[in-house]
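1. structural data only, the sequence is not supplied:
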């Protein structure tokens, strides 16, 4: 008894557009029709600006980190230099707070205290002898006490509160410098991954707003075919399963692929299932990664065969 070939046609709305998907099973396994899709990367700048130089053009193949567009930096560079000076100033203030008074300053405070204390003792003797009034001695005693406290302060060093304030000021200015340098880095738009520039239309002098994409890069290593498997056949498909496919441009050439995702939720060709026969119209999306090849382009129709 010969096996009957069943070829119903399904109209499926995929993420990349609407296409016809048909299925049947032959001696080579399950066969499905799909379309090659690829992941596009839109690159741009967080700051934007006036274009100073364009390093690539549409159709060029670029590597990860390769510059694509450079913006003018004559506005951000002076801000960075000014902020670098502020950082140097706060770092010097922090270092001064950490080290505290210099040894010479402590020596000066010690000499001033000793001199004031010597004067207080001299006037104390004169006051006891009734030569000078009490007020004159009290003034000398006050000066000696002030000099003593100044010496103690110099020997203790910087107060913890002042040291914390100096550290906070240095951290604040350093953080702002890092922010400006990050903005400076955004004036050079680089390719985030290897690929081919699909769209880019810029010339020197163009004004580009912040956060607007300047180029779209097609990643050749991020290509796949998405097909839709009927519910009665979904048990024959699993992640890791080998597959091959052909495209119309190279009908005699088989490209290798592998199933990487099977949808957990079914989709329906009709809005709901009415009869037992219509269960075959319930489908599951299956994503099949394909090995990169320069001949393959997004949008090509692919005839996919999944090994049983």
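-> Good, I have the coordinates. Predicted model, so just to flag it, every value in this text is computed and none were measured. Residues are numbered from 1 along each chain as shown.
2. contacts, neighbours, all on C-alpha from now
-> Noted.
3. show me what counts as buried in stretch 174-186.
-> In terms of neighbour count (16 or more other CA atoms under 10 Å), stretch 174-186 has its buried residues at 174, 176, 177, 180, 183, 184, 185, 186.
4. among these, which lie within helices?
-> The helices in this structure, assigned by DSSP state H, contain 174, 176, 177, 180, 183, 184, 185 from the buried residues of stretch 174-186.
5. possible to save these as JSON lines with pLDDT?
-> Below are those laid out as JSON lines (pLDDT from 0 to 100):
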{"residue": "174", "pLDDT": "97"}
{"residue": "176", "pLDDT": "97"}
{"residue": "177", "pLDDT": "97"}
{"residue": "180", "pLDDT": "97"}
{"residue": "183", "pLDDT": "95"}
{"residue": "184", "pLDDT": "96"}
{"residue": "185", "pLDDT": "95"}
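6. distance to residue 245 added to the residues you listed, as TSV?
-> As requested, these are exported to TSV (distance: CA to CA, whole Å):
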residue	distance to residue 245
174	56
176	54
177	54
180	51
183	46
184	47
185	43
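7. need the max-distance pair from these.
-> 174 and 185 (16.4 Å; CA to CA).
8. residues in contact with stretch 119-136?
-> Identification of contacts with stretch 119-136 by CA atoms under 8 Å, 6 or more residues apart in numbering yields 137, 140, 141, 144.
9. name the helix or strand for residue 32, please.
-> strand 29-44 (DSSP states H and E).
10. buried set for that strand?
-> Within strand 29-44, the residues that qualify as buried are 30-38, 40-44, counting by 16+ other CA under 10 Å.
11. partners of it, with directions?
-> Each strand paired with strand 29-44, and its direction, by DSSP bridges: strand 17-26 (antiparallel), strand 213-230 (antiparallel), strand 301-306 (antiparallel).
12. select, out of these, the one closest to residue 61.
-> With respect to residue 61, and counting by CA to CA, the nearest of the strands paired with strand 29-44 is strand 213-230 at 9.0 Å.
13. after the closest one, next one along is what?
-> strand 242-247.
14. residue contacts, residue 283?
-> 228, 229, 230, 231, 266, 267, 268, 269 are the contacts of residue 283 under CA under 8 Å, 6+ apart.
15. tell me the mean pLDDT over stretch 96-114?
-> Along stretch 96-114, the predicted confidence averages to a pLDDT of 85.
16. can you tell me what sits against it?
-> Against stretch 96-114 from outside (CA under 8 Å, 6+ apart): 144, 147, 148, 150, 151, 154, 155, 157, 158, 162, 163, 166.
17. which residue comes closest to the fourth one once chain neighbours are left out?
-> Excluding its sequence neighbours, the residue lying closest to residue 150 (CA to CA, 6 or more residues apart in numbering) is residue 109, at 6.4 Å.
18. fine, thanks again, bye for now.
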